[in-house]
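Participant: Predicted model, plus sequence, below.
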Amino acid sequence: MRWLRPIGQDKLAALSLFLISTTLFAGLFAPFLAPHAPDEVHMELRFAAPSWEYWLGNDQLGRCVLSRLLYGIRPSVLWVGVALALSAGIGTIVGFVAGYFRGATDAVLMRICDGMLSFPGYVLTLAVIGILGVGLENILIAFALMKWAWFARVIRTSVRQYADSDYVRFAKTLGFGDVRIMARHLVPAALPDMAVAASSTFGSMILQISGFSFLGLGIQAPHAEWGMMLNEARTVMFSKPELMLAPGIAIILVVSAVNYLSDSLQLALDPRLATSRRAPHSRTVAESAKLQGSEVA
């Protein structure tokens, strides 16, 4: 795991990883961390200001905003992670099979991927929702159907780079089976690319599920979800704009942390990117030194 070391050296990447880990922890243990039940209604506390009992105040039904924010992590982040793992798993298997065996197998699988990728993601998701109905489960099914082909493309390209390596050929010469070769030699080599692909997709999926819930196509009341919290606060956005701050800031922070962590992974995996970023600065220093030398002369 040498490719993880630069992330620990990057303070902002480490902070992003800490924020994501804290968010996942808070979502898993929301029943223990939330001060109140997320659907507990207190009309006498309608639009109440933040207090010691209700740290982020109360919404239009007197529900605890902090509790709903914590419970909203589950559909907005945790269940999105489950859909990501499912689609990445399917795409990884297809990508390994296509990249390793090649030939007719590769051609058939990639044509299927081309057919799936020819549909815009939002259109395919709306089609699944139109067939199966609104709800979190149907959006997650749409995500799994929509993303696996992209993962297969990425992993297939990575596997093809290592399938002709000398150690893979040597393993074939020794009589190792295909499954053993892929598990022992190709999976560790392609794992960094898999991590980058998954992390870069995670943020977009969080935004998408929040957007569909904001439109009323995702999780339904009285369950809590960040996009639906924004939709509920939309009716009072001018009189009580603070109700949109908590879910809005949560989405921004988590997605920004995921995106920055993905960029850090790319830099850790491809040193040429870091070199290209430092190159303009190096040229500037060299030119300055040359200019100073000519002035001295």
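Facilitator: Yep, that arrived. Just so it is clear, the model here is predicted, and its values are computed rather than measured.

Participant: residues contacting Gly91?
Facilitator: Shown in contact with Gly91 (C-beta atoms under 8 Å, 6 or more residues apart in numbering): 147-155. (C-beta placed from N, C-alpha, C; glycine too.)

Participant: how does it look with 7 Å?
Facilitator: Counting by C-beta atoms under 7 Å, 6 or more residues apart in numbering, Gly91 makes contact with 147-152, 155.

Participant: remind me which residues of this structure are low pLDDT?
Facilitator: 1-8, 269-297 (pLDDT under 70).

Participant: Leaving out the residues flanking it, which one is nearest to the residue nearest the centre of the chain?
Facilitator: By C-alpha atoms, centre = their mean, the mean C-alpha position of the chain lies nearest to Phe202, the distance being 1.1 Å. Nearest non-adjacent residue to Phe202, counting by C-beta to C-beta, 6 or more residues apart in numbering: Val258, 5.0 Å away.

Participant: could you say what helices and strands the host helix or strand of the one you found packs with?
Facilitator: In this structure, Val258 sits in helix 245-269 according to DSSP states H and E. If you count contacts as 3 or more C-beta pairs under 7 Å, 6 or more residues apart in numbering; DSSP states H and E, helix 245-269 packs onto helix 5-9, helix 11-28, helix 65-71, helix 187-214, helix 226-234, helix 271-296.

Participant: Just give me how far the helix or strand hosting Ala104 sits from the chain centre.
Facilitator: If you go by DSSP H and E, Ala104 is part of helix 103-117. Centroid separation for helix 103-117 versus its chain: 25 Å, with C-alpha atoms, centre = their mean, to the nearest Å.

Participant: Identify each buried residue in that helix, please.
Facilitator: When neighbours are counted by 16 or more other C-beta atoms under 10 Å, the buried residues of helix 103-117 are found to be 106, 109-110, 113, 116-117.

Participant: ditto for stretch 214-221
Facilitator: Using 16+ other C-beta under 10 Å as the test for burial, stretch 214-221 gives 214, 217-219.

Participant: Only C-alpha atoms, please: export it in CSV.
Facilitator: Taking C-alpha atoms only, stretch 214-221 is exported to CSV below (Å, rounded to 0.1, in the frame of the first residue of the first chain):
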residue,chain,number,x,y,z
PHE,A,214,-35.0,17.0,-3.7
LEU,A,215,-37.3,16.4,-6.7
GLY,A,216,-39.4,14.0,-4.7
LEU,A,217,-38.3,10.9,-6.6
GLY,A,218,-36.0,9.4,-3.9
ILE,A,219,-36.7,8.5,-0.2
GLN,A,220,-40.1,9.5,0.9
ALA,A,221,-41.4,11.1,4.1
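
Participant: contacting residues around it?
Facilitator: With C-beta under 7 Å, 6+ apart as the contact definition, stretch 214-221 has outside contacts at 75, 129, 134-136, 139, 209, 212-213, 225, 227-228, 230-231.

Participant: Mark which of the residues you listed are buried, thanks.
Facilitator: Neighbour counting with 16+ other C-beta under 10 Å marks 75, 129, 134, 136, 139, 209, 212-213, 225, 227-228, 230-231 as buried within the contacts of stretch 214-221.

Participant: and the two most separated of the residues you listed?
Facilitator: Distance extremes for these: the farthest pair is Ile129 and Leu230 at 18.8 Å, using C-beta to C-beta.

Participant: quick check: angle from the helix or strand containing Ala127 to helix 103-117?
Facilitator: Using DSSP H and E, Ala127 falls within helix 121-132. Inter-element angle recorded for helix 121-132 and helix 103-117: 80 degrees (by axes from the mean of the first three to the mean of the last three C-alpha atoms, to 10 degrees).

Participant: Helix 121-132 packs against which elements?
Facilitator: By 3+ C-beta pairs under 7 Å, 6+ apart, helix 121-132 packs against helix 136-162.

Participant: Check the offset of the helix it packs on from the chain's centre.
Facilitator: The answer for helix 136-162 is 13 Å, by C-alpha atoms, centre = their mean.

Participant: Which SSE is immediately downstream of that helix?
Facilitator: Criterion used, DSSP H and E; the element after helix 136-162 is helix 166-173.

Participant: following that following helix, which helix or strand comes up?
Facilitator: For helix 166-173, the following helix or strand on the C-terminal side (DSSP H and E) is helix 178-181.

Participant: Just the buried residues of that next one, please?
Facilitator: Ile181.

Participant: on that earlier part again, a markdown table for the buried ones among the contacts of stretch 214-221, including distance to Ala48?
Facilitator: Listed next are these as a markdown table, based on distance: C-beta to C-beta, whole Å:
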| residue | distance to Ala48 |
| --- | --- |
| Pro75 | 25 |
| Ile129 | 35 |
| Val134 | 31 |
| Leu136 | 29 |
| Ile139 | 32 |
| Ile209 | 29 |
| Phe212 | 30 |
| Ser213 | 24 |
| Glu225 | 22 |
| Gly227 | 23 |
| Met228 | 20 |
| Leu230 | 19 |
| Asn231 | 21 |
